[in-house]
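Novice: Predicted model and sequence below, questions to follow.
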Amino acid sequence: SAQAYVKSIPFCGRQGALASWQADLDVFAQGQPAPDPIAITGEWGSGKTRLLHEWAQCAAARGRDAHMARSTGSADHCHTAVESLCRRPPPLRHCVLLFDDIDSLKPDLLDRVAQLAQEPEDIRPLVACTCDPHSFHRVAAAFAKASSHLRRMNLSPLGLDSTENLVRLAYPGHVGRRSA
């Protein structure tokens, strides 16, 4: 499956982004209102989905109820997941919602997710998503329409050292290093 493939990719080079998410989770876990929703943007292959999976693991490790949906996988699956969450009693909505490729959602469903991010403070979920950098403004507009500010974390390409580390971790038999 696509999810198993993503989990098989070693996590490296994004420790700063992981620390930022851990800080959001810590605020959320202390009973504070959820920070503004955040969108991870970056070009194809920059590690957005892998980072989102790492964020899901962090949320679970902290005992948070986390729900992850891959928007491009099945529109029906995402619709069902969002509608199911909306039908939950308010205390059970205070969870973590993660959407991969949120820019692939139908406009009405994107609006529904944006509305969830603007729930009253005591039940508002912590929302994170990935999207193509060229679609960010359209996604942010949907959140703004629901009176919610969408933060942006843009992933730049990995540096050479992180790329080498990723190759070494992904292909343990590969021992070559770049020449000086």
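Specialist: Sure, I can see it.
Novice: For burial, what's the neighbour tally of the nearest residue to Pro107 once chain neighbours are set aside?
Specialist: Once flanking residues are discounted, Pro107 sits nearest to Ala142: 7.3 Å by C-beta to C-beta, 6 or more residues apart in numbering. C-beta here means a position set from N, CA and C on the backbone, and glycine is covered the same way. Other residues near Ala142 number 23, with proximity taken as other C-beta atoms under 10 Å.
Novice: Tell me the first helix or strand C-terminal of the helix or strand of the chain with the lowest mean pLDDT.
Specialist: Ranked by mean pLDDT, DSSP states H and E, the helix or strand of the chain with the weakest confidence is helix 2-8, at a mean of 57. Proceeding N to C from helix 2-8, the next assigned helix or strand is helix 15-29, under DSSP states H and E.
Novice: Next up, the contacts around the residue nearest to Pro107.
Specialist: Going by C-beta atoms under 8 Å, 6 or more residues apart in numbering, Ala142 touches Pro107, Leu110, Asp111, Val113, Ala114.
Novice: With distance to Asp161 and neighbour count as added columns, please give those residues in TSV.
Specialist: TSV is the format used below for the contacts of Ala142 (distance: C-beta to C-beta, whole Å; neighbours: other C-beta atoms under 10 Å):
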residue	distance to Asp161	neighbour count
Pro107	41	9
Leu110	37	25
Asp111	42	14
Val113	36	28
Ala114	38	23
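Novice: Point out where this structure drops to low pLDDT.
Specialist: Applying pLDDT under 70 to the chain flags residues 1-13, 71-78, 85-86, 89-93, 166, 169-171, 174-180.
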